[in-house]
Structures are given as C-alpha cells and as structure tokens.
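[1] Everything below, folded, please.
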Amino acid sequence: MSPSQPTPEFLDHALEVAKRAAADAAEVIRHYYRGQFEVITKADESPVTRADVESEQAIRRVLTAAFPEHAIYGEEEGTTGSGDWLWLVDPIDGTKSFVRGYPMFSTQIALMFRGELVLGVSSAPAFNELAWARRGGGAFLDGAPIRLAPAQPLERSALSTGNLKTLAAAPGWNALAGLVRRASRTRGYGDFYHYHLLARGGIDLVIESDVNILDIAALAVIVREAGGVFSDLDGRELSLATTTVLAGNTELHAEALAAFRDWRGAGA
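    Alright, predicted model coming up:
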C-alpha cells in the first residue's frame, strides 16, 4: 500500500517505477517511429496511432502492477481508478511530429498527490534524452543534476514560445510582443524540448498557450526542482484544467507575469 503522505522514500521508489514505464513505452515508440502505421483522427481533430495506444498500455501495465490502488489519467484511455494518488500519462506528446517523422515528441509521466504534482519523468526517445525529478530531490537529465541558468536581465535572456494560437487572438499578444522586443533571443523550440533546455540552463523563459495538463505536468516538476517557477499565464498553480504556461527563474517569471497581468485568454 502507498503511504498516506508522499515521503521521499516512497517518491524515490515511484520515480524508478515511472522510469521503467517510460523505458517500456520507448521500446514501443521506437518500433513504430518512421515506419508504416495507420493514423486515426480523433473527435478533437488530433491524430492517434497504434504507437500512442500501445505505449500508453505499456505504461499502464507497469504503473498498475506497482501501484494497483492508484488512479491513472491517460491521454488515450482516460481515467481509471480514484483516490489521493493520480498518475498523469501522455504516451506521445507531439503525435503530429511523430506522424510526420521528426523527433519533437516525448513521453510524459507525472504523479499527483491530492492535487499537488510530486514527481515527473520526461522521456524523448528520438533525442535519447531522459529527464526526471521528484519533490525535494532535485532535477536530472540523463543522470546528471541540472539547474536553471543564473538570473540575468531579459535583455540578455533567451525566450522560447509554443502553441500560440489562442494567445495570438487575445490581448496577451501585445504583452508577448513587448517581451519579444526586449529579449536577447526568441525561439520556438516547443513541446518537451524548451523545458529540458530551461531546466538545464540553455534558455531562460518559456511562454505557451493551448496546452493540456498531461503535456506539462512532469515538466513542471522538473523545472521547479531545477530552481524555476512554473505557473499558468495568470500566475496560478497548475491544475487539471491548466491551458497556459509561464516558466522561468523567479525574476523573469515575475517580470513576464506583470506584462501579462491584464491578459484574460480564452480558456485560461
């Protein structure tokens, strides 16, 4: 049975289980990547493949065997179970990239305890990158500890953006333009990759809209344990309903949040 609180010892154990689940999913994904497979369009117009379905099944098998009492919320199979412990699983975040044969996709596995994110694993099979963190234990990329870059002014910082469709139709577009004008460099790395870069000190600030909690839950734990701040664009704590992201060091997060203080994006 799982403990009544997320102790460090339990989280270390759960982290190892999550990494095993990600490894099993990676085997499935590599089997299909750049191969022949059917692509089905879901009701929300997003694609799904056998790789998505089978990799989620692989993850669920590992998690259920280790923690049969835990609930699981997966991208393809929805929610099973209930209780204080909830696993958040996106077997292939970036299925459109996967389908088109370029490597900007990942497997995201996070653990939530009573609404708080306490553990995250981000696996990028085509990049051969694996990032992970658990609450209070620091963040790691391919086994090495990682930290955000030292704070510096926005004029000497690198900003990365992603999924900006909703933001482009809202007053927040002007706020973003102001930040872009001031930043030293602006890129659109997107998906898992700009969070890996942020956590290891490669860039300094990430802004996204049109996300799902399954896309970012694990990455939030990793960025926070690497010394960063991770919220939505209104500065709110993440929840199952989160659709936007603002992530960076304390100083830049506060500065960007002030720029967006009057933004009220659709669905945010």
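[2] Every contact and neighbour count from this point should use C-alpha atoms.
    Fine.
[3] quick one, helices of this protein?
    Applying DSSP state H to the chain gives helices spanning 8-32, 50-66, 95-100, 165-168, 172-182, 191-199, 213-225, 250-259.
[4] Met1: which of the ones you listed is closest?
    If you check each of those against Met1 by C-alpha to C-alpha, helix 50-66 wins as the nearest, at 9.6 Å.
[5] what lines up beside the lowest-mean-pLDDT helix or strand in the chain in the sheet?
    In the chain, the helix or strand scored least confidently by mean pLDDT, DSSP states H and E is strand 39-41, which has a mean of 73. Partners of strand 39-41 in the sheet, by DSSP bridges, are strand 47-49 (antiparallel).
[6] same question for the strand it pairs with, mean pLDDT?
    For strand 47-49, the mean pLDDT works out to 80.
[7] and the helices of the chain as CSV, adding mean neighbour count and distance to Ser2?
    Shown next, in CSV, are these (neighbours: other C-alpha atoms under 10 Å; distance: least, C-alpha to C-alpha, whole Å):
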stretch, mean neighbour count, distance to Ser2
helix 8-32, 18, 8
helix 50-66, 19, 10
helix 95-100, 18, 33
helix 165-168, 17, 40
helix 172-182, 16, 43
helix 191-199, 24, 29
helix 213-225, 27, 20
helix 250-259, 18, 34
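[8] re earlier: name the residues that touch the least confident helix or strand of the chain?
    47-50, 99 (C-alpha atoms under 8 Å, 6 or more residues apart in numbering).
[9] Using JSON lines, please lay out the helices of the chain together with distance to Ser239.
    Supplementary listing: these in JSON lines, determined by distance: least, C-alpha to C-alpha, whole Å:
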{"stretch": "helix 8-32", "distance to Ser239": "20"}
{"stretch": "helix 50-66", "distance to Ser239": "22"}
{"stretch": "helix 95-100", "distance to Ser239": "23"}
{"stretch": "helix 165-168", "distance to Ser239": "19"}
{"stretch": "helix 172-182", "distance to Ser239": "21"}
{"stretch": "helix 191-199", "distance to Ser239": "18"}
{"stretch": "helix 213-225", "distance to Ser239": "7"}
{"stretch": "helix 250-259", "distance to Ser239": "18"}
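[10] Those helices: which one's closest to Trp132?
    helix 213-225 (6.0 Å).
[11] and that closest one, C-alpha only, in CSV?
    Extracted in CSV, the C-alpha atoms of helix 213-225 (Å, rounded to 0.1, in the frame of the first residue of the first chain):
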residue,chain,number,x,y,z
ILE,A,213,-2.0,19.3,-18.1
LEU,A,214,-0.8,15.9,-19.5
ASP,A,215,1.7,17.8,-21.7
ILE,A,216,3.3,19.7,-18.9
ALA,A,217,2.8,18.1,-15.5
ALA,A,218,6.0,16.1,-15.5
LEU,A,219,7.9,19.1,-17.0
ALA,A,220,6.6,21.4,-14.3
VAL,A,221,8.1,19.1,-11.5
ILE,A,222,11.4,19.0,-13.4
VAL,A,223,11.7,22.8,-13.9
ARG,A,224,10.7,23.5,-10.3
GLU,A,225,13.2,21.1,-8.9
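[12] follow-up on the earlier one: go ahead and measure how far the least confident helix or strand of the chain is from the middle of the chain.
    A distance of 23 Å separates the centroid of the chain from that of strand 39-41, by C-alpha atoms, centre = their mean, to the nearest Å.
[13] now swap in stretch 217-237 and tell me
    Worked out by C-alpha atoms, centre = their mean, stretch 217-237 lies 9 Å from the chain centre.
[14] mean confidence for it?
    Stretch 217-237 comes out at a mean pLDDT of 97.
[15] For the residue lying closest to Leu130 once chain neighbours are set aside, list the residues it contacts.
    Nearest non-adjacent residue to Leu130, counting by C-alpha to C-alpha, 6 or more residues apart in numbering: Ser123, 4.6 Å away. Applying C-alpha under 8 Å, 6+ apart, we find Ser123 in contact with 22, 26, 106-108, 129-131.
[16] what's the distance between Leu238 and Thr244?
    9 Å (C-alpha to C-alpha, to the nearest Å).
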